[in-house]
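Colleague: here is a sequence with its predicted model. Questions after.
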Amino acid sequence: MKFGKEFKKQMVPEWTDAYMDYSGLKRILSELRSLKPNKQPSTPRGGSQQRSKLYKSFSGLNLQSSESGSQEGDLEDQVIAVNTMKREGSRKVYDTKIVLPSEEGGDIEATFFKKLDDELNKTNLFYKDKVEEVMNEAALLNKQMEALIALRIKVENPSFGDSSLIRRLSSEIASMSASDKDRTPGSLHMDGKLEVEMTNEYQLQESSERKILDSENRMDVNVSYQIEHTTHGEAEKTSGQKPSPLDILDRVKMNNPLDSPISTIRGLLNDSKEEELSFKKEELKKAEDQLKHAFIEFYRKLRLLKNYSFMNLSAFSKIMKKYEKFTSRRAAGSYMKTVDDSYLGSSDELTGLMEQVEKTFVNHFAKSNRRAGMKILRPKPKREKHRITFLSGFFSGCTVALLVATVLVIKTRNITEIEEGTSYMQNIVPLYSLYLYIVLHMLVYAADIYFWRRCRVNYTFIFGFKQGTELGYREMFLLSSGLSVLALASFLANLHMDMDARRREHNYITELVPLGLVTVIFAITFCPFNIIYRSSRYFLIQCISHCISAPLYKVTLPDFFMGDQLTSQVQAIRSLEYYICYYGWGDFSRKENKCHDRDIYNVFYFIVAVIPYWARFLQCLRRLFEERDAMHGYNGLKYFLTIIAVLIRSAFELRKGIKLKVLALISSAIAALMNTHYDIMVDWGLLQRKSKNFGLRDKLLVSHKSVYFAAMVVNVVLRFAWVQLVLELQVPSLQGKAATIMISCLEILRRGIWNFFRLENEHLNNVGKYRAFKSVPLPFSYCDEDDDDDGSSNSETDKEE
């Protein structure tokens, strides 16, 4: 694979604008190459050494050979001179001057080095800012670990109190304080004194990484807790002794993130997001889980920053090699010397910080098992499996064959023309339409994943999937095709047995086939065993339960995204209600559909249609209450008007009448207009007035602008597809249940289009704010005044990153 493709592949999607513009520099070199005569470029004698050092070193790239260093001092061979200037305080800015101008293409060459300097200054500044941020977060995590260790001692040893063990521990800490002063500022020291002998250095390559993990796992690790209390410096001077390690608990409270029903209710009653420590094992377990998650996210950030540095340094090296190749002028040595001396190439703080995080995580969250700890910190990327592609193709072929067989059976037996067959289809179609809605939605979601990947939309980060557990479009297509095979096979078997006169005595059993199928589907969904993508199934169940329990759960993007999906599955929810009625009241034994003759069914016919919109309405109220953003109020009003429209339209469907028809038209039109406006203007971020792309937005991930205009038109048309249900236009094959099923399928297709552009807009918002990490709530907050200055009372990290 060429470096340009690999460079683009390795980019953090949210940091794309912060990377070196490798493609832009290549275009400038292509212009320069067209002006140069075709000459055989001279290969620098230190090229092989540069290449080997590039892949041996991780933090700094010494791409200069010893000979190039001597050439640098020779004025006759010196092509460029890189000047270093200080601006904006202590920040360095680099400016390159061409000492020996080229006979041809001098202006283009000057443009190349000007852009190269801009890219170096940009990447250097971005990297330095991010390193400073992670150092501050390391200090914050350090204080969190101090509190966790103290809480762990208190919970596991309630009688720890004023025993001699405290005094001995305090004296050991005092004796180690001198050595701690020599540590790098901002480095983590919460892991304790780790007595290990490191014989191998941690390498970038995954192959060598496994060997190191194996060797280090056999090392004997001896850990002794060490807790520093810098805030009690004055007390130490007067008393001459360190305070008890447990004294830190007097200044610590537990944060209440209000992310569960119980914590939300407590927060509303107490009107406070902080709670006193109770020193219970449940409290310790919760704090350990939160800090474990915080360390995993923090280590992921360190890895991405390290990769950012490595890939940009590699890009500078590659582009300078291309410059030498195209111009036959040696300038890579002197410029790469500047790159190596810059903060991007010379900073090694991340390497030491990563080692400290690894030690801390292994000792405190992996029971000193380095292999298990590193497996959590560095999860393996998901591998594509050929059997998934094979099974998808196999199930797709079976689906086509079953569809053809079903159509042939219906046509040859004239089921739709005879009275008995028509009655049968009216009873059975609502049962099996449930699977049509689900399969179609899964296929649409698979297509969304495919195009998200094509456009480099980081949907796994947006949804918060764990690395290695997310489903790709192949897996989604496999699940949808497998479900369609089950549904079609069940429908065909049911149809064949019911219409066969020789099996009429077994009608009672054949009518239970749809119920058996839906039971199997629910059993697989809630199966506790690690089969059929358990993590994804549980994630789905969690999101649906959060929607149902709104507003008791803190609203996250996966939750309200799932709520929007449910609003497009109203007919599927009504199909579940029909299952309960058809089998609960025994209509299946008589082959009769008298559900709408029962008042209780009609009441729930209204309720189940409103539930998804009501859940989204409550989620908007929760976000309005927490974020104080008026836009959430407008969004909530939109769902409230939709609820009114759905209720009136459902009443018209059951009772008819001119008044209900007019009210249904007016209410549905108002709701559709508000929904369409919010879709395009807010959710998709289109139709911006001052955009450089007329009628769209400044940044677009799809190269063809016509796609956006077509999506807006299709969204408007499908938003008003309900007109057929209200006006009851005489359209062949679109009457009764057929019209309802068709319009429901069109709504699912519209939701699929909405999904793509909604996540594209969310991704671009993350890119604009360089937000590549989730906000992680921390368990403890310091309530003393001394800690307010250093920001240690914060309850979250990476808030707007």
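Modeller: In hand now; what should we look at?
Colleague: tell me the buried residues in the helix or strand containing residue 634?
Modeller: Assessed by DSSP states H and E, residue 634 sits inside helix 630-655. Within helix 630-655, the residues scored as buried using 16 or more other CB atoms under 10 Å are 632, 635-636, 638-653. Backbone N, C-alpha and C define where each C-beta goes, glycine included.
Colleague: just give me the neighbour total for residue 418.
Modeller: 12 (other CB atoms under 10 Å).
Colleague: that should have said residue 311, apologies.
Modeller: 21.
Colleague: pLDDT at it, what is it?
Modeller: At residue 311 the predicted local distance difference test score is 94.
Colleague: how far away is it from residue 120?
Modeller: In this structure, residue 311 and residue 120 are 14 Å apart, going by CB to CB, to the nearest Å.
Colleague: now swap in residue 352 and tell me
Modeller: 24 Å.
Colleague: for residue 397, same thing?
Modeller: 55 Å.
Colleague: comparing those two, which shows the higher neighbour count?
Modeller: More crowded of residue 397 and residue 120, by other CB under 10 Å: residue 120, with 24 against 12.
Colleague: ok, the more buried one - contacts?
Modeller: Taking CB atoms under 8 Å, 6 or more residues apart in numbering, we find residue 120 in contact with 20, 94, 316, 338-339, 342, 344.
Colleague: what number of residues lie near residue 111?
Modeller: Residues near residue 111, counting by other CB under 10 Å: 14.
Colleague: how about residue 741?
Modeller: Applying other CB under 10 Å, we find 17 residues neighbouring residue 741.
Colleague: roughly how far does it sit from residue 707?
Modeller: As defined by CB to CB, residue 741 lies at a distance of 28 Å from residue 707.
Colleague: thinking residue 767 is in contact with residue 13, fair?
Modeller: Yes: contact criterion CB atoms under 8 Å: residue 767 and residue 13 qualify, at 7.0 Å.
Colleague: please say which of the two ends up with more neighbours.
Modeller: Neighbour comparison, residue 767 and residue 13: the larger count goes to residue 767, with 22 against 15 (by other CB under 10 Å).
Colleague: buried stuff in the helix or strand hosting that one?
Modeller: Using DSSP H and E, residue 767 falls within helix 737-768. The neighbour-count check on helix 737-768 (16+ other CB under 10 Å) flags 739-741, 743-764, 766-767 as buried.
Colleague: now stretch 396-415
Modeller: 396, 398-399, 402, 406, 410, 415.
Colleague: same check, this time on stretch 328-344
Modeller: Residues of stretch 328-344 classed as buried: 329-340, 342-344 (neighbour count, 16+ other CB under 10 Å).
Colleague: please identify which of those residues is nearest to residue 435.
Modeller: residue 344 (54.7 Å; CB to CB).
Colleague: list the contacts of that closest one.
Modeller: So residue 344 contacts 120, 123-124, 127-128, 309, 312-313 (CB under 8 Å, 6+ apart).
Colleague: then residue 496?
Modeller: residue 409.
Colleague: that one is in what secondary structure piece?
Modeller: helix 473-499.
Colleague: over to residue 257?
Modeller: Using DSSP H and E, no helix or strand contains residue 257.
Colleague: surely it touches residue 554?
Modeller: Yes: judged on CB under 8 Å, residue 257 makes contact with residue 554 at a distance of 6.9 Å.
Colleague: mind naming the longest helix for the chain?
Modeller: helix 106-156 (DSSP state H).
Colleague: before we move on, the earlier item: with pLDDT added, can I get the contacts of residue 120 in TSV?
Modeller: As requested, the contacts of residue 120 are arranged in TSV below (pLDDT from 0 to 100):
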residue	pLDDT
20	92
94	87
316	93
338	90
339	91
342	90
344	91
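Colleague: what's the farthest-apart pair in the residues you listed?
Modeller: Greatest spatial distance among the contacts of residue 120 (CB to CB): 20 and 338, at 14.3 Å.
Colleague: can you pull the contacts of the most centrally placed residue in the chain?
Modeller: Centroid check for the chain by CA atoms, centre = their mean gives residue 461 as the closest residue, at 1.6 Å. Each residue near residue 461 by CB under 8 Å, 6+ apart is listed here: 13-14, 766, 772, 774.
Colleague: tell me the one of these nearest residue 134?
Modeller: residue 772 (12.2 Å).
Colleague: residues near the residue nearest to the closest one when sequence neighbours are not counted, how many?
Modeller: Nearest residue to residue 772 in three dimensions, chain neighbours excluded: residue 14, at 4.0 Å (CB to CB, 6 or more residues apart in numbering). When neighbours are counted by other CB under 10 Å, residue 14 registers 23.
Colleague: which residue ranges of this protein form strands?
Modeller: 80-87, 91-98, 193-194, 223-224, 252-255, 274-275, 776-777, 780-782, 796-797 (DSSP state E).
Colleague: separation between residue 582 and residue 436?
Modeller: As defined by CB to CB, residue 582 lies at a distance of 17 Å from residue 436.
Colleague: likewise for residue 593?
Modeller: Counting by CB to CB - residue 593 and residue 436 are separated by 18 Å.
Colleague: and residue 313, by the same measure?
Modeller: Taken as CB to CB, the span from residue 313 to residue 436 is 54 Å.
Colleague: before we move on, what about residue 424?
Modeller: 18 Å.
Colleague: check contacts around the nearest residue to residue 623 once chain neighbours are set aside.
Modeller: Distance criterion CB to CB, 6+ apart; nearest residue to residue 623, sequence neighbours excluded, is residue 632 at 4.4 Å. Going by CB under 8 Å, 6+ apart, residue 632 touches 620-621, 623-624.
Colleague: farthest-separated two in these?
Modeller: Once CB to CB is applied, these give 621 and 623 as the farthest pair, at 7.4 Å.
Colleague: pLDDT below threshold where in the stretch 201-350 of the chain?
Modeller: 201-245, 266-274 (pLDDT under 70).
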